[in-house]
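In: coords below, sequence missing:
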C-alpha cells in the first residue's frame with residue numbers, strides 16, 4: 001500500500017515532540033500525585049501511528065466503503081485498541097467552534113491536575129470541522145473558505161502559532177491559546193479522525209456548485225479530497241459509525 005513519504009516525515013517530527021511533552025507531563029504528575037499514570041503508552045501509540053500506512057493514492061472511491069483497504073484500517077484499529085482507561089472521543093462538527101481549545105484544556109487538566117500523562121484525546125471530525133483536515137492547496141483549489149462560515153480565509157488551524165516557552169504555567173506556551181492548532185495538539189498525542197462520509201458529501205456539494213476545475217466525477221473528486229488530508233489524520237469509513245467502536249473500548253464520549 002503506497003504511503004506518502006512527505007506526510008510520514010512531517011508526522012515523524014511531531015512524534016519526538018509528543019514524547020518530550022509526555023516526559024514533562026510524567027515529571028509533573030510525579031510531583032503532584034502518589035501514583036501517576038505512565039506516559040509511555042501514549043508515546044508508543046504516537047510512534048506506532050506515524051509508521052502505519054495511510055493510503056493517499058486513490059483514483060476513485062465509492063460512496064460506501066466496504067473494504068478495509070479503502071480507509072486507514074490499521075491506524076484506526078490501533079487507536080481503538082488503546083489500552084489506557086484515560087481516553088476521550090470528541091464529536092466535532094463546527095470549524096468555528098471552540099473544539100481545539102476544549103481539547104487543549106482537557107489535556108492540560110488530565111495531565112497536570114489529575115496526573116494522567118497517558119490521556120488520549122481523539123477528535124471525531126466531521127461537519128464543517130472536517131474542512132480543517134484538508135491541506136491549504138485543497139482549500140485554494142476548491143474554495144473551501146466559502147464553506148467555513150466566513151471565519152476562515154485560509155486553513156489557519158493547520159498553521160502552528162509561536163510559543164514563548166515550554167513552561168506549562170506560561171499562558172504564552174503551547175499549553176495556552178498558542179496550542180489551539182492541529183499540529184500543536186498532534187504533538188501532544190491528539191489523534192484527528194477523518195470521515196469518508198463527510199468527504200463524499202463535500203464532493204457532492206462542490207459538484208452541485210460547479211466547483212470542479214478538473215471536471216471530475218463524484219468518486220474521483222472524493223478520491224482527490226481524500227488524497228489531500230493533512231499529515232497524521234486517520235481516515236475512517238464514517239464518523240458516526242466509528243464513534244460507537246471507540247465507546248465500546250472505553251472511550252468517554254463528549255458531544
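Out: Now that the structure is in, tell me what you want to look at. Everything quoted here is computed from the prediction, not taken from an experiment.
In: tally of neighbours for the residue nearest to residue 87 when sequence neighbours are not counted?
Out: Excluding its sequence neighbours, the residue lying closest to residue 87 (C-beta to C-beta, 6 or more residues apart in numbering) is residue 120, at 4.3 Å. (C-beta placed from N, C-alpha, C; glycine too.) Neighbour count of residue 120, defined by other C-beta atoms under 10 Å: 24.
In: test my guess that residue 120 contacts residue 89.
Out: No: at 9.2 Å, residue 120 and residue 89 do not qualify as touching, with contact defined as C-beta atoms under 8 Å.
In: what separates the residue nearest to residue 87 from residue 84, distance-wise?
Out: From residue 120 over to residue 84 the distance is 6 Å, taken as C-beta to C-beta, to the nearest Å.
In: give me the distance between the two termini of stretch 78-95.
Out: 26 Å (C-alpha to C-alpha, to the nearest Å).
In: any stretches of this protein with poor pLDDT?
Out: Applying pLDDT under 70 to the chain flags the ranges 1-38.
In: identify the residue nearest the geometric centre of it.
Out: residue 192 (1.5 Å; C-alpha atoms, centre = their mean).
In: which residues does that residue bridge with?
Out: Residue 192 has these beta-bridge partners by DSSP bridges: residue 123.
In: look up how far residue 211 lies from it.
Out: 24 Å.
In: what does residue 187 give?
Out: For residue 187, the distance to residue 211 equals 33 Å [C-beta to C-beta].
In: which one's more surrounded, the two?
Out: Under the criterion of other C-beta under 10 Å, the comparison of residue 187 against residue 211 puts residue 187 first, with 24 against 16.
In: would you map the strands across the stretch 151-255 of the chain?
Out: Remark: strands assigned in the stretch 151-255 of the chain by DSSP state E, counting those that start in this stretch are 191-195, 234-236, 252-254.
In: list the contacts of the one helix or strand residue 140 maps to.
Out: Per DSSP states H and E: residue 140 is located in helix 136-142. The contact list for helix 136-142 (C-beta atoms under 8 Å, 6 or more residues apart in numbering) reads 131, 144-145, 154-155, 158, 206, 211, 213, 225, 228.
In: among the residues you listed, which are in helices?
Out: Within those, residues falling in helices by DSSP state H are 206, 225.
In: most surrounded residue in the contacts of helix 136-142?
Out: residue 225 (27 neighbours).
In: from what I see, residue 225 and residue 203 are in contact.
Out: Yes: contact criterion C-beta under 8 Å: residue 225 and residue 203 qualify, at 6.0 Å.
In: need the max-distance pair from the contacts of helix 136-142.
Out: With C-beta to C-beta as the measure, no two of these lie farther apart than 158 and 213, at 22.1 Å.
In: could you count how many residues lie near residue 105?
Out: 14.
In: state the distance from it to residue 254.
Out: Distance from residue 105 to residue 254, by C-beta to C-beta: 12 Å.
In: cool, residue 53 as well?
Out: 29 Å.
In: and if you look at residue 160?
Out: Following C-beta to C-beta, the distance that separates residue 160 from residue 254 is 25 Å.
In: same check on residue 157?
Out: 19 Å.
In: of these two, who's got more company?
Out: Ranked by neighbour count (other C-beta under 10 Å), residue 157 and residue 254 place residue 157 first, with 20 against 16.
In: quick check: chain neighbours aside, which residue is closest to the more buried one?
Out: Spatial nearest neighbour of residue 157, excluding adjacent residues (C-beta to C-beta, 6+ apart): residue 132 at 4.4 Å.
In: next, give phi and psi for residue 238.
Out: phi 170, psi 130 (degrees, to the nearest 10).
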